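Chemist: this one's sequence-less:
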């Protein structure tokens, strides 16, 4: 009996294993990522040699190390998702080569001709008042647009898509594309948030003063719109307190910085959100806390910044949103901001169009939360762009085929008939595949540069991003960190300007780039050579005199320019800048040490410990970079008073929180950080360096620190943050030399562009001179181009690159290419 | 009866341990700080509202209660919020399992017979040059990490000799010839370690058994060396080897992060790590529950298998 039981058990065990395997086989064939045309066709590369009668195939093969997962224009999150979307959709306008093919121009894509200003026709509607202009535009659309299945696309589809994008229940990640930026659609945000009451920080929104508030019958103060107003007690204030709550500060510093007499009483009144309604009584409790101790340094004028108010968005019909169709080919776009010229077309280079029918099929509500699987697989994707998605397998491969229904196909463009993109994580594998002719491009890394840096097939591309060393100069945070690090450890020397300057002067940027990221160039300013300050003409910011002055002033060569001096011209002086001056750095290290000792920040027995944060331990950029910095700075302090006293430790576990680590005081230094995007709009990009919620550290008081700028012979003073706002179109109050104030605006079309430019340059200088963001390298990349393909232009041009897949041509068809590779022995020489 | 009680007890304990591990995992992953990096020009309120709607701001125990009710009892593991946004985590997971299983099955088919044969041969040729040679290879294969072989296999077999494709074939035709061909380099790289493991264990066990008294008795009874080895020695030496084989069978569900990455296997190898780094809670809990359950079940199956292989072993008997 026992034997039988054992046999039965053994049999069951064997059967269960077989069943498990069989079940896997069944599931495998029904995987949701299979292409609608059948599993066999999802990956089998057509063999042109076996079908000589069909038209020639031209396949563009490349590999990605990060794969797209969601290319729904309403919810996508990564640049890889964006890459795939580029094949499947179109914009109203698009970048194209100019006539001489050495620059860009914006041309209509889905649109016909330029948008027409029809603002005057809508006075009294959509917030338009008499005299308004450049706010309402009529966009005429092509009449031959259609989805890949042949369904016609009309203007009303864009309205429907906008409604889906802004659907309040969907909370789409990209909903803000219609209300943020330079061309916000009228009432788009109000439609999205309708019915909701949100709490807004007063300092970063309405900035109500107490005079603006009204008192209700119950003694609680309200906004003019009736929203309740609160004191933020245990509520994080992103703008005023760098993302911390007042409670955090009071508990950390107590009576040293605050008058805490009324604190307990006030804190006890806080609701679950950490807020206390503003009444006359709570005013009396709150005011002394932040104004009663000179160490905190605030007055009653600053109290408004601790207010949070309720804003309720009323119910709104979509007909009140400034986007509607007047015919099948006419779309009217009402912008809340005035916009014209280049930025008007630039703002319309994208689209929010989705296929309503498929989109609705992909909708679901799971546990009361809206979900949508539109554009997450081949089955849930429909194209109106130059290519259509033939197959998609998660983390493996996607294949695109030419969309014959795309309106933009011409005989001179889109020679590529098929695009195959594989997920290949390892660079070494990608290179081997490239050499064997299986990929048409390969992005070079530091390990390959020695072999391929002078290859005829290597193409260098400079991008507008600059990477920095970001330092934490916050005395309170550093004091706490050094206390936590143990006895005789010093970190507060980072608050000494000379120390930060020394770190900048002793950084051999070129050597860093060579050792860590050879395709990159040394950086000496906030904005790289590729940042364009006048997109109408394509004028680069760095070519302008004011921008050049910033750089020579900052690097101390301004006095060496002129006849009989070291440099004949400003350009010569800039050319000479390496950013590396070890002798000066050593002087600065000594000065910093003396200052730190004199100020009681450091003793002779202390060792400086700088904790550097990196996202992981696997990225070569960060591991090699850390090694370089440690060696570089250890050598730099030799022969100075800091010799043997400068040490480094690394935290390489920061992961996704890498960017926030400095502002959270987890580390003292980050490197390789920066902001990308906005290459055509350095004015708004400046916010990244002056706005608290964006900056890597928040100790620089941009809201209160003044900057004086000379414009047309007059000196104007305003805060750093105010200057930043005014170049983005806000009206600010500036102080003149005689103490009077006046309203000032520099960002609109009516203002003088030179003024705006001068302010931008002054702000760049101000940021640089803090030495809290030390320019390190300008981003640049190098890639090998395969022999099968040809780029349209050798030079990389902003907006169009080297022509992209639109203009790419082929030296060999797929069949010819296979033969060619075979004839070369299966491996190609790209050196 | 003893066995039945023993199995029931182990299954009950398994669910208790599973519950504990899932509770700890849920709490720990929810305690990880969420820091939505500021994005230039992004309306942060949109992200906050989404998190609120998803219930991420509720107390952790309330969230855990919802999770138990919805996922563990209801079987609905939810939608991926960050890794594969908008897609059901169970569907994505199941769609990626076959690729992992395919390479593991091929690797197992290669490694079990080869490992056993090498082990047996080394044991039979103990302390001769054949044994030394096999033992040297075993040491080499065990001590060098699998990804080193993977790169070597890829370099020589795929790049230089062009015998196999660099990457596993895309698609879901798991049993096709083309798929098999594309899987060989990955399966080969995975099997080196297993072959060495099996060979080492088999050699050690068989060597010991071959010198046992009962083997002497078998030979004195008139059995040839081959007969004695096959009928008596091999069977006895398989007692610790067989559970290893069962472990391999269950291990086919687990992915290899590095090997899958090198050979483009769209499997589950990287899912666990990615689900943590991207804080995709639903994915993380599904994977935690699945692999914990598999691991615990393997433990029970392996223990039971001892009793089946060796009649002298009685589970649960006093």
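Modeler: Cool, the structure landed. What you see is a predicted model, and the numbers here were worked out from it, not measured in a lab.
Chemist: switch to C-alpha atoms for all contacts and neighbour counts from now on
Modeler: Will do.
Chemist: quick check: longest helix of chain B.
Modeler: helix B:89-124 (DSSP state H).
Chemist: ok, residue 280 - how many residues close by?
Modeler: Let's take chain A. When neighbours are counted by other C-alpha atoms under 10 Å in any protein chain shown, residue A:280 registers 13.
Chemist: let me rephrase: I mean chain B.
Modeler: The criterion is other C-alpha under 10 Å. On that basis, residue B:280 has 21 neighbouring residues.
Chemist: ok, now which ones touch it?
Modeler: By C-alpha atoms under 8 Å, 6 or more residues apart in numbering or on different chains, the contact list for residue B:280 reads B:80-83.
Chemist: shaky segments in the stretch 151-300 of chain B?
Modeler: Residues of the stretch 151-300 of chain B meeting the criterion pLDDT under 70: B:255.
Chemist: same thing but 80
Modeler: Of all residues in the stretch 151-300 of chain B, those with pLDDT under 80 make up the ranges B:247-255, B:277.
Chemist: circling back: list, out of the contacts of residue B:280, those positioned next to chain A.
Modeler: residue B:83 (C-alpha under 8 Å from any C-alpha of the partner chain).
Chemist: what about the closest residue to chain B within the stretch 701-831 of chain A, distance to residue A:437?
Modeler: Relative to chain B, the nearest point of the stretch 701-831 of chain A is residue A:826 (8.1 Å; C-alpha to the nearest C-alpha). Note on residue A:826: its distance to residue A:437, by C-alpha to C-alpha, to the nearest Å, is 8 Å.
Chemist: on that earlier part again, roughly how far is the longest helix of chain B from the heart of the chain?
Modeler: 9 Å (C-alpha atoms, centre = their mean, to the nearest Å).
Chemist: now do stretch A:553-572
Modeler: For stretch A:553-572, the distance to the chain centre is 35 Å (C-alpha atoms, centre = their mean).
Chemist: show me the helices in chain B, by range?
Modeler: Using DSSP H, helices in chain B cover B:2-31, B:44-53, B:60-67, B:89-124, B:129-143, B:146-153, B:177-210, B:213-220, B:225-228, B:234-251, B:257-262, B:271-277, B:281-309.
Chemist: nearest to residue A:782, of those?
Modeler: Closest to residue A:782 of these, according to C-alpha to C-alpha: helix B:257-262, at 22.9 Å.
Chemist: what sits against residue A:632?
Modeler: A:506-508.
Chemist: need the phi and psi values for residue A:327.
Modeler: In terms of degrees, to the nearest 10, the main-chain angles of residue A:327 are phi -160, psi -180.
Chemist: tell me the bridge partners for it.
Modeler: residue A:330 (DSSP bridges).
Chemist: what's the spatially most central residue of chain B in contact with, if anything?
Modeler: In chain B, the residue lying closest to the centroid (C-alpha atoms, centre = their mean) is residue B:251, at 2.7 Å. Contacts of residue B:251 were listed using C-alpha under 8 Å, 6+ apart, and they are residue B:104.
Chemist: any chance of the contacts of residue A:632 in JSON lines with distance to chain B and pLDDT as columns?
Modeler: Below are the contacts of residue A:632 laid out as JSON lines (distance: C-alpha to the nearest C-alpha, whole Å; pLDDT from 0 to 100):
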{"residue": "A:506", "distance to chain B": "30", "pLDDT": "96"}
{"residue": "A:507", "distance to chain B": "28", "pLDDT": "96"}
{"residue": "A:508", "distance to chain B": "30", "pLDDT": "95"}
